[in-house]
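> Have a look at this fold, sequence not included:
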């Protein structure tokens, strides 16, 4: 069930983050960079999660400044997530395991800052500015944070 308040969202975020962080601590570099049968590694998944938090930041910035929000990313529609995710992996090809973990840790901290800077009304009072749908800022925050942390684990 999705969070409906800032306190619920932050609680879920920290719970799922702690589980993911504990799991990542057990992954060696060779394990992290070894591709699976689809050619995707644990490092790729971690970098991907970090990039989606950055995309969320852009959505907020664009929406709050009145610019068009290109979701999920410029040049991509929601039905083109596979090509978008492949582009993210290509952009992060030179990122090593330590760098991917550090990037995710930094982006998680940025996500918490974004959420803490807003009250319940800003997070759940209506659709995200420029989001072209019914999802709230808090719901999108849950999607790129705790939900992504759970699926990464």
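Yep, that arrived. All figures in this text were calculated on a predicted structure; none of them were measured in a lab.
> Which strand or helix spans the closest residue to residue 148 other than its chain neighbours?
Leaving aside its chain neighbours, residue 148 sits nearest to residue 49 (4.7 Å; criterion: CB to CB, 6 or more residues apart in numbering). No exception for glycine: its C-beta is placed from N, CA and C like everyone else's. Assigned by DSSP states H and E, residue 49 belongs to helix 42-64.
> about what we covered before: so the residue nearest to residue 148 makes contact with residue 149?
Yes: here residue 49 lies in contact with residue 149, judged by CB atoms under 8 Å, at a distance of 7.1 Å.
> what's the neighbour count on residue 114?
Residue 114 has 18 neighbouring residues, counting by other CB atoms under 10 Å.
> Need the pLDDT of it.
You'll see residue 114 listed with a pLDDT of 97.
> ditto for residue 145
pLDDT, read off for residue 145, is 96.
> same deal with residue 3?
At residue 3, pLDDT is 95.
> who touches it in this structure?
9, 11-12, 138-139, 142 (CB atoms under 8 Å, 6 or more residues apart in numbering).
> Let me know the closest of the residues you listed to residue 115.
Closest to residue 115 out of the contacts of residue 3 is residue 9 (6.3 Å), distances taken as CB to CB.
> Quick check: the gap between the residue nearest to residue 148 and residue 104.
6 Å (CB to CB, to the nearest Å).
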